[in-house]
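> Next comes the sequence, and after it the predicted model I'd like to discuss.
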Amino acid sequence: MLEKTRPTVVNHTHCEAYFGKVVGKEGGAVYSILWPCHGGATFVVWQDCVLRSRCDVLQGVVKMGKTRIGRSQAVSWGFVAVLLSVGAGSVFADIKLPAIIGDNMVVQQGGKAAIWGWAEPNEEIMVSVSWRSMQWGVRADKDGKWRFEMSVPKAGGPYEMTLAGKNTITIKNILVGEVWAASGQSNMEMAVQSSANAQEETAAANYPKIRLFSVRREVADGPKADCTGSWVECSPQTVPGFSAVAYFFGRELHKELDVPVGLIHTSWGGTPAEAWTKRDTLESDADFAPILKRFDDAVAKYPEAKKEYEQKIEEWKQVAEKAKAEGKEAPGRPGEPFGPGNPHSPAGLYNAMIAPLIPYRIAGAIWYQGESNAGRAYQYRKLFPAMIKCWRSNWGQGDFPFLFVQLANFMDVRPEPNDSAWAELREAQLRTLSLLNTGQAVIIDIGDAKDIHPKNKQDVGKRLALWALGTTYGKKIVYSGPIYKSMKVEDNKITLSFDHVGGGLVAKGDGPLKGFAIAGEDKKFVWADAKIEGAAVVVSSEGVAKPAAVRYAWADNPICNLYNAEGLPASPFRTDEWPGLTVDAK
C-alpha cells in the first residue's frame, strides 16, 4: 500500500512541488510520490532523480533548479499520488487504446471514468489531462493490460489527454457531458437519412457538442477486447448514416440539459435479444435452454449444411443465368444455413459489440428491439430483464438507467378483438418496468401498418428523452402516458385505475374512447363501451353481464385513443393472465 506523506521543505520560496517518500521498487524501478504545492496548481515530474540509498527511504536531497526538497515526514495528505518510475533501465512499449477512447470522445461527467488499454507486460504509462494539474502513473499487468480510474469534472471542454510511454498519444477535443449507449435491431439501426423529413433534419444537424460513435457490425464466439469505430462531431456530414432514434434522443437531451452529449450506437437489424446477452446468462435459466440447443445443434451440423448450401448456390447460379438469357425473372438466392458467425447466434453480438465498450462509463442505455422475439413473447418476459441485468452486472455501474421502446402498431387492423403475438411482446416489455430504473416509450400511435420501420423516429427519440429527463435528470415533467394500475369489478362494469395520468385522462380526437374490449369467464372478448370518470376508465358491454377481464389496444395494429392531457398515449395492457399465443414458444 502507498503511504500518503507530506515532506518537509528546506527552501520553499520557489518550490513548485513536494517530493514524497520512496515506497519500494519492482524490476529495478524505484517508485516515488509527488504531491501538489499549497496552491495545488503545479506538478513537477522528475525523470532523473539521484537516490543515495538503493531503494529504501530517500536519504539525501533532490535538486531541481534552485529548489531543494528534503527528506519526507509522514503526514496525512488528501490528494491522490502520482506514481512514476525513477529507476534506470525501464523500457516502454507502444501504448494502444480501445476504439471507444479517442479524439472527440465524450466522457461521462461526475464520478470516475475508466481509462484502459494495452502495452508491453509490466510497462508503465504516464497519463495527464488538461482539466487537472497532475499526472497518473499506471503499470501494465503480465498480459500487457492496464486500467485506471480518474475523477471527471462537470460538463465542459474541450480538453486533452496525454498518455506517455515509449510513444505518446494525445487525445484531442474531449468533452465532458452525458454519454448514452443505444442498441437493438433495425428500428434502432435505421439512419437519419431514412427517417421522416430526412433532408431538413440532416441540414439542421450542426451540433458540435453532440458526438457520435458507431460500432461496426461484427459477431464473435467470445467476448472481444475491442471493436471498430471512432468518435465524430455531429454535423450534416456525419449524421446521415447514424441511428435516427439515438440522434433525436441525444438532441433532446442536449437542448434541455445544455451539456455535451455522447451517443454510442451499437445495433444490428433483425437480431433477437439472445444475441445481445452473454452466454453464461443464457445458461443460467432453463427457459433459455432451447435457444442454446438450437444453436449448438446447428453448429454441429454446420459443416454438412454448408456443403449442401454451396451445392444449392451452384445450381441456383445456373438456373439464374438461364432465366436471364431467356428474359425471365430469376429465382431467389438460397439462404445461408444457421451456424457460426450468424448475427442471431446467442451471445454473438454481446461478445463483439457490447463487451468491447465495457467499462466505458455511461449515463444509461436506450433500446429498440423486440420484433424478432415476438413469436416467443412469453419467453421474452424473462429474457429481456435477464439481458438488462447482464449488461448492468458486467458494466459494473450498478442499476444504470435502461430505457426501451415498446413495439409500434404494425400490420393489418382486425375488425374484432383477437389474440396477438405483438400484443404479448408489448406486454412483456411493459412487465419489464418492474425492474429498477427502467423506462418505456410507448409508440402505439406512430407506427405504419405497411412498414415495420416507421419513419417517425423524432417522436420515438423525444419520448425516450422525456423519460430520461423526468427520471435520470429529475425534471418536474410528465414523462409517461397512462399505465394500468388496478381494476375493480362492480356489477356489470369494470373500473380501471392508472398511474401517470398527468393533467388528466383524455380521449384523443373526436368521439368516444376506442380500443377497449371486455370478456366474462368464457374468455370471449367483445368491444366495450368505455368512459373516463376522473382518473379512471369505466368499461362495460350490454353483452357481458358478469365481466372478468378488460384488454386495451390488444392487437398487432390497434385502433386506440387513451392519452393523458400532456399528449402521451396509454400503454396497451390486459387485466387477465389467460394463456396467450406464445405461451409455449421457446
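Alright, I've got the coordinates.

> could you say what helices and strands the host helix or strand of residue 294 packs with?
Per DSSP states H and E: residue 294 is located in helix 289-325. With contacts defined as 3 or more CB pairs under 8 Å, 6 or more residues apart in numbering; DSSP states H and E, helix 289-325 has these neighbours: helix 279-283. C-beta here means a position set from N, CA and C on the backbone, and glycine is covered the same way.

> elements contacting the helix it packs on?
Secondary elements touching helix 279-283 (3+ CB pairs under 8 Å, 6+ apart): helix 289-325, helix 377-395.

> Can you give the distance of that helix from its chain's centre?
Taking CA atoms, centre = their mean, to the nearest Å, one finds helix 279-283 lying 19 Å from the centre of the chain it belongs to.

> buried sites along it?
In terms of neighbour count (16 or more other CB atoms under 10 Å), helix 279-283 has its buried residues at 279, 281-282.

> picking up where we left off before, and the angle for the helix holding residue 294 with helix 377-395?
100 degrees (axes from the mean of the first three to the mean of the last three CA atoms, to 10 degrees).

> Quick one: name whatever helix or strand follows helix 289-325.
Note on helix 289-325: by DSSP H and E, the next helix or strand toward the C-terminus is helix 348-349.

> Average pLDDT for that next one, rounded please.
Mean per-residue pLDDT for helix 348-349: 98.

> And for that helix, what's in contact with it?
With contact meaning CB atoms under 8 Å, 6 or more residues apart in numbering, helix 348-349 is reached by 219-221, 268, 271, 275-276, 341-343.

> I'd like the buried residues of helix 279-283 as CSV, with distance to residue 503 appended.
Shown next, in CSV, are those (distance: CB to CB, whole Å):
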residue, distance to residue 503
279, 47
281, 41
282, 44
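
> is it possible to export the helices and strands packed on helix 279-283 to a markdown table including distance to residue 108 and mean pLDDT?
What follows is those, written out as a markdown table (distance: least, CB to CB, whole Å; pLDDT from 0 to 100):
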| stretch | distance to residue 108 | mean pLDDT |
| --- | --- | --- |
| helix 289-325 | 33 | 95 |
| helix 377-395 | 12 | 98 |
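
> which one of those helices lies closest to residue 409?
Of all these, helix 377-395 sits nearest to residue 409, with 15.9 Å by CB to CB.

> Okay, buried residues for that closest one please.
By neighbour count on 16+ other CB under 10 Å, the buried set for helix 377-395 is 377-381, 383-388, 390-392, 394-395.

> got it, and stretch 500-518?
Buried residues in stretch 500-518, counted by 16+ other CB under 10 Å: 500-502, 505-508, 513-518.

> Which of these sits closest to residue 582?
Using CB to CB, those come closest to residue 582 at residue 517, 19.1 Å.

> Can you list the strands that the helix or strand containing that closest one pairs with?
Counting by DSSP H and E, the element that carries residue 517 is strand 516-519. Strand pairing for strand 516-519, using DSSP bridges, gives strand 526-527 (antiparallel), strand 549-552 (antiparallel).

> Comparing those, which comes out most buried?
Among the strands paired with strand 516-519, ranked by average contacts under mean count of other CB atoms under 10 Å, first place goes to strand 549-552 (a mean of 25).

> Show the subsequent helix or strand relative to it.
Criterion used, DSSP H and E; the element after strand 549-552 is strand 562-564.

> Who are the packing partners of that following strand?
Using 3+ CB pairs under 8 Å, 6+ apart, the elements in contact with strand 562-564 are strand 505-507.

> Mind checking the pLDDT average for the strand it packs on?
The average pLDDT within strand 505-507 is 97.

> Quick check: which helices or strands does that strand pack against?
strand 529-533, strand 562-564.

> Between those, which one is closest to residue 328.
Using CB to CB, these put strand 562-564 closest to residue 328, at 52.3 Å.

> starting at the chain centroid, how far to stretch 171-188?
Counting by CA atoms, centre = their mean, stretch 171-188 is centred 8 Å from the centre of its parent chain.

> ok, back up a step: between the contacts of helix 348-349, which is closest to residue 566?
Nearest to residue 566 among the contacts of helix 348-349, with distances taken as CB to CB, is residue 276, at 32.1 Å.

> neighbours around the closest one, how many?
For residue 276, the count of nearby residues is 28 (other CB atoms under 10 Å).

> what's the answer for residue 326, then?
The burial count for residue 326: 7, using other CB under 10 Å.

> so how far is residue 313 from it?
From residue 326 over to residue 313 the distance is 20 Å, taken as CB to CB, to the nearest Å.

> Sketch out the low-pLDDT regions of the stretch 1-150 of the chain for me.
Applying pLDDT under 70 to the stretch 1-150 of the chain flags residues 1-93.

> Please repeat the previous calculation with a cut-off of 50.
Residues of the stretch 1-150 of the chain that meet the criterion pLDDT under 50 lie in 1-92.

> What are the structural domain limits within the protein?
The chain breaks down into these domains under automatic domain parsing: 6-85, 106-267, 279-346, 483-574.

> do you know which of those lies nearest residue 581?
Nearest of the domains of the chain (CB to CB): domain 483-574, 11.2 Å.

> Pull out the buried residues from stretch 542-555.
Those would be 544, 547-555, for stretch 542-555 by 16+ other CB under 10 Å.

> circling back to that earlier point, any idea which of the helices and strands packed on strand 505-507 is most buried?
Highest mean neighbour count of the helices and strands packed on strand 505-507: strand 562-564, a mean of 23 (counted as mean count of other CB under 10 Å).

> need the helices for the stretch 51-200 of the chain, in chain order.
For the stretch 51-200 of the chain, applying DSSP state H, counting those that start in this stretch gives helices covering 186-189, 198-203.

> which helices and strands does the shortest one pack with?
For helix 186-189, the contact count by 3+ CB pairs under 8 Å, 6+ apart identifies helix 244-257, strand 261-267, strand 364-368 as packing neighbours.

> mind listing the helices for the stretch 451-586 of the chain?
Assigned by DSSP H, counting those that start in this stretch, the stretch 451-586 of the chain shows helices spanning 458-467.

> got the helices of the stretch 51-200 of the chain as a markdown table, with distance to residue 138, mean pLDDT and mean neighbour count columns?
Shown next, in a markdown table, are these (distance: least, CB to CB, whole Å; pLDDT from 0 to 100; neighbours: other CB atoms under 10 Å):
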| stretch | distance to residue 138 | mean pLDDT | mean neighbour count |
| --- | --- | --- | --- |
| helix 186-189 | 35 | 98 | 23 |
| helix 198-203 | 42 | 98 | 14 |
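
> Format those as a markdown table; extra columns: distance to residue 213.
Below are the helices of the stretch 51-200 of the chain laid out as a markdown table (distance: least, CB to CB, whole Å):
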| stretch | distance to residue 213 |
| --- | --- |
| helix 186-189 | 14 |
| helix 198-203 | 19 |
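
> before we move on, back to that, present the helices and strands packed on strand 505-507 as TSV; the columns should include mean pLDDT and distance to residue 438.
Converted to TSV, the helices and strands packed on strand 505-507 look like this (pLDDT from 0 to 100; distance: least, CB to CB, whole Å):
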stretch	mean pLDDT	distance to residue 438
strand 529-533	98	28
strand 562-564	98	20
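
> right, so of the ones you listed, which gets closest to residue 213?
Of all the helices and strands packed on strand 505-507, strand 562-564 comes closest under CB to CB, at 35.2 Å.

> How about residues contacting that closest one?
With CB under 8 Å, 6+ apart as the test, strand 562-564 has contacts from 478, 481-482, 500-508, 513, 515, 537, 552, 569-570.
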